[in-house]
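Colleague: Quick one: sequence and predicted model below, then my questions.
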Amino acid sequence: MAVTVQTALSEPLWWQRGIVYQVYPRSFQDSNGDGIGDLEGIRRRLDYLVWLGVDAVWISPIYPSPMADFGYDVADYCSIDPLFGSLRDFDALLKDAHARGLKVILDFVPNHTSDCHPWFIDSRSSRASAKRDWYIWRDGRDGGPPNNWISHFGGAAWTFDATTGQYYLHSFLREQPDLNWRNRQVRAAMYDTLRFWLERGVDGFRVDVIWLLIKDALLRDNPPNPAWQPTQAEIARYLQLYNADQPEVHEVIAEMRSVLDRYDQRVLIGEIYLPLERLVAYYGKDLRGAHLPFNFQLLETAWNAPAIARLVEEYENALPVGGWPNWVLGNHDRPRIAARVGPEQARVAAMLLMTLRGTPTMYYGDEIGLPRVDIPPDAVQDPWERNEPGLGLGRDPSRTPMQWDAGPQAGFTQAGKTWLPLDAAYRDRNVATLRGDPQSVLNLYRALIALRRQHKALSVGSFRLVAFSQQTLVYARSFGGERLVIAVNFSAHEQILPAEVAEATVVLSTARDTQPGASRRTLRGNEGIIAVSR
């Protein structure tokens, strides 16, 4: 068995030692009774985030938008949609978050705008428009679109505009035209947007689909994907060779990074769905790219010990020297962890997330074990589900309102109806109820976070893979003279622990019923433990 060893970090920055918590603003807390979450609602729940122990809150898009894709179609990058509040509300949220020691990260959506953005309205008004080249316009080919590119939401990635007789590119909905990042004026305008929010005091950005920003200069056809099946999303029909991950994108990311580097300790996080060997390139030359290219591999990898062990080892070995790792279990685009692996293994996953080397990102609601919430057909909101029905691609089941208590509408709103349905079990699965149960998944998350704060070995220590079998994964985290061993059981059956763990003192079990100070020779089914090595 190969052994991976990574050294400890002696002087970590906040985004290296801390924990990021993603809030989907429509679904966190409604403060004005319209059934939709807002900024004031987030502000009112900051004390909960402090109690939980996280360090930063990442807020999904809150900019003015027609909401064709729920905020990812931006009509104004320098304001707040009235649905969520105002700039004054944002400033109040930022001030109160900082007063509590919480950082605030905004979602930045640079690949495309809304078709209602003034830039696009100008661009489509005439071929002679000064902003024509701010978007990607081309003549058709053989009576159809300029090439064979497919939208991520299905259908052609091109829409014909009768006014000017050309097609415009949209990697997502037709209401989301792609900006032309080869145009220097576009870059300058977008960097000014970053400065607008940096000057207000935001602590960083999660950059949406950062790997898509630059397209092939010749707009060549993508080659067919020989592995594509009709049961898969239409975007997978072709290999994404020319509409994604172009070499010039790293120049753009380095420029973004240079904007942030003029401010103190701001973080640049990139959304990148690529294999590991391509993902790590986004740290950039001399680490001048994204601080944290999002590592979504736990969302893509089979949930068993050998697969996870190989993943962790490959990721650690692929990182550039000095590159800081990160891990994600869920987000607003993917099925929740409890839906993917079940409630028992979701507890094991929580321990994995909080003890692997690198920055963890939590998704709101995972800490209370929110599952997949069934959405009746007449309640579907997601355009992806409407465009490609029957493929199970809809994201609504992972975006339902946060459940705060057992009262009406789970304490999320005073309105008679929430924008998406609640989990049917919300009277038992909510913050207030779980907070009072010492063995709940919520209190497990809180205990894991507290232990991570208490032990530098867990937050910034070195990593070593100790052992793995078909059912168990064991690894060690060390800092200075401190050494902790983590063992997780991916099966429902009892497993014998290696001697190195059996001689250690258990400090936390996912079962929450192991008395601190005990030693263990076996690992129960669906259990993970953290032990201090003697």
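Modeller: Sure, I can see it.
Colleague: how about the strands in the stretch 51-200 of the chain?
Modeller: Applying DSSP state E, counting those that start in this stretch to the stretch 51-200 of the chain gives strands spanning 56-59, 103-108, 137-138, 158-161, 166-169.
Colleague: so Ala511 is in which element?
Modeller: Under the criterion DSSP states H and E, no helix or strand holds Ala511.
Colleague: just to revisit the earlier point, of the strands of the stretch 51-200 of the chain, which is nearest Pro146?
Modeller: strand 137-138 (4.0 Å; Cβ to Cβ). (Glycine included, C-beta is placed from N, CA and C.)
Colleague: hang on, the earlier thing: in JSON lines: the strands of the stretch 51-200 of the chain, plus mean pLDDT, mean neighbour count and distance to Val501.
Modeller: Shown next, in JSON lines, are the strands of the stretch 51-200 of the chain (pLDDT from 0 to 100; neighbours: other Cβ atoms under 10 Å; distance: least, Cβ to Cβ, whole Å):
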{"stretch": "strand 56-59", "mean pLDDT": "98", "mean neighbour count": "23", "distance to Val501": "32"}
{"stretch": "strand 103-108", "mean pLDDT": "98", "mean neighbour count": "24", "distance to Val501": "35"}
{"stretch": "strand 137-138", "mean pLDDT": "98", "mean neighbour count": "18", "distance to Val501": "60"}
{"stretch": "strand 158-161", "mean pLDDT": "98", "mean neighbour count": "18", "distance to Val501": "57"}
{"stretch": "strand 166-169", "mean pLDDT": "98", "mean neighbour count": "22", "distance to Val501": "54"}
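Colleague: from the chain's centre, how far out does stretch 147-158 sit?
Modeller: On the basis of Cα atoms, centre = their mean, to the nearest Å, stretch 147-158 sits 24 Å off its chain's mean C-alpha point.
Colleague: Straight-line length of that stretch, end to end?
Modeller: Criterion Cα to Cα, to the nearest Å; first-to-last residue distance in stretch 147-158 is 8 Å.
Colleague: pLDDT below threshold where in this structure?
Modeller: For the chain, the stretches flagged by pLDDT under 70 are 1-5, 10, 514-517, 534.
Colleague: Just want the most central residue of it.
Modeller: By Cα atoms, centre = their mean, the mean C-alpha position of the chain lies nearest to Asn331, the distance being 4.6 Å.
Colleague: and the gap between that one and Leu169?
Modeller: Per Cβ to Cβ, to the nearest Å, Asn331 is found 25 Å from Leu169.
Colleague: ok, now His117?
Modeller: His117 is 15 Å from Leu169, by Cβ to Cβ.
Colleague: what's the answer for Asp73, then?
Modeller: From Asp73 to Leu169 the distance is 15 Å (Cβ to Cβ).
Colleague: same deal with Leu370?
Modeller: Separation of Leu370 from Leu169 (Cβ to Cβ) stands at 36 Å.
Colleague: can you pull the contacts of the nearest residue to Pro376 once chain neighbours are set aside?
Modeller: In space, and not counting its chain neighbours, Pro376 is closest to Pro421: 7.2 Å by Cβ to Cβ, 6 or more residues apart in numbering. Contacts for Pro421 (Cβ atoms under 8 Å, 6 or more residues apart in numbering) come out as Val373, Asp374, Ile375, Pro376, Ala379, Thr400.
Colleague: And the residues you listed, which of them are buried?
Modeller: With burial judged by 16 or more other Cβ atoms under 10 Å, the buried subset of these is Val373, Ile375, Thr400.
Colleague: With secondary structure added, can I get those residues in JSON lines?
Modeller: Listed next are those as JSON lines, based on DSSP: H, G, I helix; E, B strand; the rest coil:
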{"residue": "Val373", "secondary structure": "coil"}
{"residue": "Ile375", "secondary structure": "coil"}
{"residue": "Thr400", "secondary structure": "coil"}
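Colleague: from those residues, which single one is nearest His250?
Modeller: Out of the buried ones among the contacts of Pro421, the member with the shortest distance to His250 (by Cβ to Cβ) is Thr400, at 37.0 Å.
Colleague: Look up how far Gly365 lies from the residue nearest to that closest one when sequence neighbours are not counted.
Modeller: Using Cβ to Cβ, 6+ apart and skipping residues adjacent in sequence, the residue nearest Thr400 is Val373, 4.3 Å away. For Val373, the distance to Gly365 equals 10 Å [Cβ to Cβ].
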